[in-house]
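**Q** Return a 3D structure for these sequence lines:
(chains A and B)
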Amino acid sequence: MDIELMINSFPKLLSAAVITLKLLSVSLIIGLFIGLFFAILRLNKNIFINRFAYGYSYIFRGTPLLVQIFIIYFGLGQIEYLRLTVLWVILKEPYWCAIIAFALNTGAYTSEILRSAFQTIKPGIIEAGKSLGISNKVIFYKIQIPIAIRQSLPAYGNEIILMMKGTSLASTVTIMDLTGVAKYIISTTFKPIEVFIVAGGIYLFMTFIIHNLIKFLEKKYSFN
Amino acid sequence: MELLAFGDTGWGDELFYATLMTIAVSITAMFIGFLFALIFTPLKLSKNKFLNFIANSYTTIIRGVPELLVIYLFFFGGTGAVMFVASIFGYNEYIEINAFITGAFAIGIISGAYSTEVFRGAIQSIDKGQFEAANVLGLNKFEKFFKIILPQTLRLAIPNLSNVWQITLKDTSLISVTGLVEIMRQSYIAAGSTRDPLFFYSFAAVLYLLLTFVSMKLINRLEVKYSRGY
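**A** From the prediction side, this is the model:
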């Protein structure tokens, strides 16, 4: 055991963890909007809109995240036309490519979580709103969405943790996140176990915080 | 399309073998995962606090740490560990471990943590009466487990195990970082030499979709088989 290496690498890994958290939070926020958008499309009665939303979530849930990142980072740059547009400013940055991939990926999972949450809302609640003369729009924003959020919190908490682990793939497109820095230290010192303990410890700590945060929110938004 | 031709002119046969490799690694990893679940599920259900602690640490650590980090640990640490053990027996030459074994083992350990949780949940949700009924009938431990508990556990576990299978299948794409030529690695090689990453990575995505689609169909059949009588 090389304790000295563990102590020396700790600050480096900790500052890399900040990048991991940034990647995670930005992609979760974008992903939440994408997920909500596609969940609403899934509830649409039009079969084409419905199929489109289902296809989106099926493709992103059925393929590895690594493939998605590679298509966006290596693949899209190949399209000549795209290089001429404003989008290229974003797509040439590995950081944004990773975020786009993460957001689309978590958006697919989030849409499934929210869809099932919307579907478990008892029709009686919506009917009660209607009988009180509340407009459909207000019923949706003030009744359905808050209940759906409460219903989907436990599953969404799992998704956050899965996504946090997913951000480690950013290291494959040259981003020095927690895993990227850990790999760099391992490959220069050949001390995989020590580095794994420190980096893994930081990841576990973040998992622990997220887990408890979700538990707290669940309690706060519970019905009783 | 000529990019996918079989033989020397295209990448069709290479990608076909890479797909077989992905399937082989996934099945091996899933199997290793079952072995781990076989060890850790009883520990999780045991009344002994210490055994509980060991099993809980295993599942918590593996499920809280990124798969890629675990793979790096095995990729860089595997050789060292084996050489250390070999040096105890007096063998000091360099030993290189096969990328397939390292990869399957790393993914297997991850898959095992998820399987353990699935089996624990399934066994815990079996009605207490079933255990008691087996005792009343005077079945021995062996019969009780294989004839009463296991069939019911499988029925409850299969839907969740199919999720574990999907996770395992998708995780194998990460082994590409160790150089094992599965779908992802082969696409990387093909994309590099043809300068057509968009096509090859999209094709890799199609291959993975195909694998998940077919395996879901097969698992659904299994589910029907084990739900007989319900």
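**Q** Close to chain B: what parts of chain A are there?
**A** The interface of chain A toward chain B, taken as C-beta under 8 Å from any C-beta of the partner chain, is made up of A:58-59, A:62-68, A:70-71, A:74-76, A:78-79, A:161, A:164-169, A:171-172, A:179, A:182-183, A:186-187, A:190, A:192-193, A:196, A:199-200, A:203-204, A:207-208. C-beta: built from backbone N, CA, C; applies to glycine.
**Q** Just the buried residues from the residues you listed, in ChimeraX please.
**A** Typed into ChimeraX, the line below selects the buried ones among those, using 16 or more other C-beta atoms under 10 Å in any protein chain shown:
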select /A:58,59,62,63,64,65,66,67,68,70,71,74,75,76,161,164,165,166,167,168,169,171,172,179,182,183,186,192,196,199,200,203,207
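**Q** and the residues of chain A next to chain B, which of them are in helices?
**A** Using DSSP state H, the members of these that fall in helices are A:58-59, A:62, A:65-68, A:70, A:161, A:164-166, A:179, A:182-183, A:186-187, A:192-193, A:196, A:199-200, A:203-204, A:207-208.
**Q** Next, the contact list for B:Ala104, please.
**A** Counting by C-beta atoms under 8 Å, 6 or more residues apart in numbering or on different chains, B:Ala104 makes contact with B:25, B:28-29, B:32.
**Q** Any chance of the residues you listed in TSV with secondary structure and distance to B:Lys217 as columns?
**A** Output for the contacts of B:Ala104, formatted as TSV (DSSP: H, G, I helix; E, B strand; the rest coil; distance: C-beta to C-beta, whole Å):
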residue	secondary structure	distance to B:Lys217
B:Val25	helix	21
B:Thr28	helix	22
B:Ala29	helix	21
B:Ile32	helix	24
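**Q** what residue lies at the spatial centre of chain B?
**A** For chain B, the residue nearest the mean C-alpha position is B:Met30 (3.0 Å; C-alpha atoms, centre = their mean).
**Q** Now that one. Nearest residue, chain neighbours left out?
**A** Of all residues not flanking B:Met30 in the chain, B:Thr168 sits nearest, at 5.3 Å (C-beta to C-beta, 6 or more residues apart in numbering or on different chains).
**Q** List phi and psi for that neighbour.
**A** Phi and psi for B:Thr168, reported as degrees, to the nearest 10, are phi -60, psi -50.
**Q** Okay, it and chain A: tell me how far apart.
**A** Distance, B:Thr168 to chain A, using C-beta to the nearest C-beta, to the nearest Å: 11 Å.
**Q** okay, that residue: pLDDT?
**A** We note a pLDDT of 95 for B:Thr168 in this prediction.
**Q** if I pick it, what's in contact with it?
**A** By C-beta under 8 Å, 6+ apart, the contact list for B:Thr168 reads B:26, B:29-30, B:33, B:107, B:110-111.
**Q** would you put the C-alpha positions of the helix-or-strand element of chain A with minimal mean pLDDT in PDB?
**A** Ranked by mean pLDDT, DSSP states H and E, the weakest helix or strand in chain A is helix A:80-84, scoring a mean of 79. What follows is helix A:80-84, C-alpha atoms only, in PDB (Å, rounded to 0.1, in the frame of the first residue of the first chain):
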ATOM      1  CA  GLU A  80     -19.300  18.600 -44.000                       C
ATOM      2  CA  TYR A  81     -22.500  20.600 -43.800                       C
ATOM      3  CA  LEU A  82     -22.500  20.600 -40.000                       C
ATOM      4  CA  ARG A  83     -19.100  22.100 -39.900                       C
ATOM      5  CA  LEU A  84     -20.300  25.300 -41.600                       C
END
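**Q** Skip ahead from it and say which helix or strand is next.
**A** helix A:87-91 (DSSP states H and E).
**Q** for that next one, which positions count as buried?
**A** For helix A:87-91, a neighbour-count test (16+ other C-beta under 10 Å) marks A:Leu91 as buried.
**Q** Would you mark the buried spots in the following helix or strand past that helix?
**A** Remark: after helix A:87-91, the chain's next helix or strand is helix A:94-119, criterion DSSP H and E. By 16+ other C-beta under 10 Å, the buried positions in helix A:94-119 come out as A:94-115, A:117-118.
**Q** Report the mean confidence score over helix A:94-119.
**A** The average pLDDT for helix A:94-119 rounds to 94.
**Q** can you give me the offset of it from its chain's centre?
**A** 6 Å (C-alpha atoms, centre = their mean, to the nearest Å).
**Q** Same check on stretch B:104-114?
**A** Computed by C-alpha atoms, centre = their mean, the chain-centroid distance of stretch B:104-114 equals 5 Å.
**Q** Okay, and A:Tyr56 sits in which element?
**A** Assigning secondary structure by DSSP H and E places A:Tyr56 in helix A:47-62.
**Q** I figured the residue nearest to the centre of chain B was touching B:Gln166, is that so?
**A** No: checked against C-beta atoms under 8 Å, the pair B:Met30 and B:Gln166 is beyond contact range at 10.7 Å.
**Q** So, low pLDDT: which residues of the chain?
**A** The chain I'm using is chain A. Low-confidence segments of chain A (pLDDT under 70): A:223-224.
**Q** should've been chain B
**A** The model of chain B has pLDDT under 70 over residues B:1-2.
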